[in-house]
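Visitor: Whatever this is, show me its structure:
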Amino acid sequence: MKKLKVHFVEDDATLRTVLARELGELGFEVTASARAEGVLDAARAAPPDAFLIDLKLPGKSGLELLRELLAADPHTQVVMLTGHGAVPEAVQAMRLGAHDFLTKPARLDVLEQVLRRAAEKRGLALENRRLRRVLDGQGGAPELVGSSPPMQELRRVIERVAKSDVSLVVQGESGTGKEVVARNVHALGARAAAPFVVVNCGAIPASLFESELFGHERGAFTGAEQRRMGLFEAADGGTLFLDEIGELPRTVQPALLRALQFGEVRSVGAESVRRVDVRVIAATNRDLRELVRNGEFREDLYYRIAALDVTVPPLRARRADIRALAVNYLARSGHVVAIDEAAFDALERYDWPGNVRELENTLERLCLLVDDARIDGETVSKQLARNEEASGPLPTLDLHVLERIAVVEALAAFKGDKREAAKALGVSLKTLYNQIDRHGLRKKPVTDTPPPA
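Guide: Below you'll find the model as predicted:
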């Protein structure tokens, strides 16, 4: 079983050495520090399961460190150590959010229990946060934009299949909006008030898939410190959306088939099954029947999930919707720009191999690149030419130009979210702001505050 990680902050060298060794013998992985300075940075790089911090430290106090740690991560669990005369300060630490406090010298068995409880509390908090993220976006289905004949037909199909409760496959090319369709089916059906849980089948390692879908029990495998609810249970009563189901590992397919056939799931390490009531909507940009013929997808599972099917048309098949999609995206993203008729004409002539997702990313790039609040046809044509060349060799070897392209691409991909763009680029938020200024990409007031210099 994985060792629990404890960061121990104590200025007394003898106590620090002895207690770190004893905690190590109890199975903890201990990082020890003599001062508060530097602890926050270390925690951000490798968050421990719990902290053990002395109240009286040279320089920055234990209370100051406690405030910093909780401000950075409210789920941080801190156990304070104090002398007999400092109980009032320890009580203050509890009010600030410390998990517990112990007076020196603390009994080793008591310290072990307190640290394990603190680590378990953090684990449960992180699991709750994970499930909240899974269930995020329950406030209603996103709008289906467009009034072209293919979109009118798609709406009619969605209304029909929403009345049913059987499994459904949504087919279509990448970027067409298959999840938007699935959310609309859910919102129009009898399960609308229940959870809509998304599983990206292509993003979960095969070794973790069963645990993600069905959960695991405490001690089921190395690192399973507490029971974890699976996504089937999280979706109980609602809809489970299996995105890119064609990427589902063959080894997991029998368990998924049983869950669909009998409404039963068995978490990893469990001796009994749990009953769940979910509607499964799957999405794919691959031909599942061909996967069945090639032995990559079980035939019985295919017929179980494909009781109904919906096909989402590619953007090139509904060019009449491009204008409405562009206007809708600009309104949602908050960009104050105008698009002239020549620009709309250029957008409507392009084939959009990446479909709606490519259209939105292109519009984001255009908003970042234009020198005024107007997008014209020439600017659009140049950007679409770059889109077509994107899979070819580098457009230039000039590092300054390449940096600008990378920043624009990252900001476009994350809809202007600078924190996410910085992560994708592998730079700090401060560095990204410097790059934005260096390349003249700040077209409107920045809504989030840049980090201090």
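
Visitor: going forward, measure contacts between C-alpha atoms and count neighbours the same way
Guide: OK.

Visitor: got the domain boundaries for the chain?
Guide: As given by automatic domain parsing, the domain ranges for the chain are 5-134, 149-311, 314-392, 397-453.

Visitor: Which one of these lies nearest to Ala141?
Guide: Comparison of these against Ala141 by C-alpha to C-alpha identifies domain 149-311 as nearest, at 5.2 Å.

Visitor: Distance check, the residue nearest to Leu26 when sequence neighbours are not counted against Gly27.
Guide: When the adjacent residues along the chain are set aside, Leu26 lies closest to Glu112, with 7.7 Å between them (C-alpha to C-alpha, 6 or more residues apart in numbering). Distance check for Glu112 against Gly27: by C-alpha to C-alpha, to the nearest Å, it reads 10 Å.

Visitor: hang on, the earlier thing: would you turn the domains of the chain into JSON lines with mean pLDDT and mean neighbour count?
Guide: Formatted as JSON lines, the entries for the domains of the chain read as follows, by pLDDT from 0 to 100; neighbours: other C-alpha atoms under 10 Å:
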{"stretch": "domain 5-134", "mean pLDDT": "86", "mean neighbour count": "17"}
{"stretch": "domain 149-311", "mean pLDDT": "87", "mean neighbour count": "18"}
{"stretch": "domain 314-392", "mean pLDDT": "87", "mean neighbour count": "17"}
{"stretch": "domain 397-453", "mean pLDDT": "71", "mean neighbour count": "15"}
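
Visitor: For those domains, give me TSV that also has distance to Ala141.
Guide: What follows is the domains of the chain, written out as TSV (distance: least, C-alpha to C-alpha, whole Å):
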stretch	distance to Ala141
domain 5-134	15
domain 149-311	5
domain 314-392	15
domain 397-453	19
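
Visitor: Which one of these lies nearest to Glu143?
Guide: The closest approach between Glu143 and any of the domains of the chain, judged by C-alpha to C-alpha, belongs to domain 149-311 at 7.7 Å.

Visitor: Distance from the closest one to the middle of the chain?
Guide: Centroid displacement of domain 149-311 relative to its chain, using C-alpha atoms, centre = their mean, to the nearest Å, is 18 Å.

Visitor: Straight-line length of that domain, end to end?
Guide: By C-alpha to C-alpha, the extent of domain 149-311 from end to end equals 14 Å.

Visitor: same check, this time on stretch 42-55
Guide: Here the two ends of stretch 42-55 are set 19 Å apart, with distance taken as C-alpha to C-alpha.

Visitor: Which elements pack onto the helix of greatest length in the chain?
Guide: Longest helix in the chain, counting residues (DSSP state H): helix 108-134. For helix 108-134, the elements it packs on are strand 50-54, strand 78-82, judged by 3 or more C-alpha pairs under 8 Å, 6 or more residues apart in numbering; DSSP states H and E.

Visitor: a markdown table for the ones you listed, including distance to Arg275?
Guide: Supplementary listing: these in a markdown table, determined by distance: least, C-alpha to C-alpha, whole Å:
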| stretch | distance to Arg275 |
| --- | --- |
| strand 50-54 | 35 |
| strand 78-82 | 38 |
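
Visitor: separation between Lys121 and Glu89?
Guide: Distance from Lys121 to Glu89, by C-alpha to C-alpha: 23 Å.

Visitor: what's the answer for Ala326, then?
Guide: Distance, Ala326 to Glu89, by C-alpha to C-alpha: 58 Å.

Visitor: Leu168 too?
Guide: Counting by C-alpha to C-alpha, the gap from Leu168 to Glu89 is 59 Å.

Visitor: ok, for Asp165, nearest residue in space, not its chain neighbours?
Guide: Among residues not flanking Asp165 along the chain, Arg279 sits closest, at 6.3 Å (C-alpha to C-alpha, 6+ apart).

Visitor: picking that back up, relative to strand 78-82, how tilted is the longest helix of the chain?
Guide: 150 degrees (axes from the mean of the first three to the mean of the last three C-alpha atoms, to 10 degrees).

Visitor: chain center to helix 108-134, what's the gap?
Guide: The gap between the average C-alpha position of helix 108-134 and the chain average comes to 21 Å, counting by C-alpha atoms, centre = their mean.
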